[in-house]
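Following is a predicted model, sequence given first.
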Amino acid sequence: MGQIEQESGCREGITAFDGGQGLGQFMPATAKDMQEREAALRELGAEPMPYAPRWAIRALVLYDHWLCQRTGCKGFYYVFRSYNGGLGILNREIKNADSCEQEAIERQCKRKIIRLKNGAMLDFCKVNIEYPRLIFKRAEKYIR
């Protein structure tokens, strides 16, 4: 639930500025890939349904599991960073750090910085590094 709250604020019909859709903020290509790969999603329908809560929650859990099996370091910190910023990019940072220590990997982060329409700067390293920490913080209330 912490991840869903972080992704979409628990709003099923939301579309983000970058094209992320629904509760899990799936990009269309990722939703399509998940739909093709996972029989458990095809049970719900023939096409991806990122705006349907049942599909989105199931897809989010399945995608986290898939990432867990492929991330170079173990733990939800790394799964969440992969979910947010890409498995290949994170695994490259892990390889460059030659370590599974979070701080060493974070020092390897070299991602773009963009200017939003409102003029604010968006640093993708900062966003990606903070993403798991925000999820863990949000999850505290659900754990209780």
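Sure thing, it's come through. Residues are numbered from 1 along each chain as shown.

make it CA atoms for all contacts and neighbour counts henceforth
OK.

quick one: secondary structure of the residue of the chain positioned farthest from its centre?
Computed with CA atoms, centre = their mean, the residue of the chain farthest from its C-alpha average is Gly119, at 24.8 Å. Assigned with DSSP: H, G, I helix; E, B strand; the rest coil, Gly119 falls in the coil class.

Ramachandran angles for it?
Reported as degrees, to the nearest 10, the phi and psi values for Gly119 are phi 100, psi -10.

How about Asp123?
Backbone torsions for Asp123, taken as degrees, to the nearest 10, come to phi -100, psi 110.

burial count for it?
14 (other CA atoms under 10 Å).

Look up how far Lys141 lies from Cys68.
As judged by CA to CA, to the nearest Å, Cys68 and Lys141 stand 24 Å apart.

thinking again about what came up before, return the distance of the residue farthest from the centre of the chain relative to Arg58.
36 Å.

Can you name the residues in contact with the longest helix along the chain?
Under DSSP state H, the helix in the chain containing the largest number of residues is helix 124-143. With CA atoms under 8 Å, 6 or more residues apart in numbering as the contact definition, helix 124-143 has outside contacts at 1-3, 5-6, 76-78, 80-81, 84-85, 106, 109-113.
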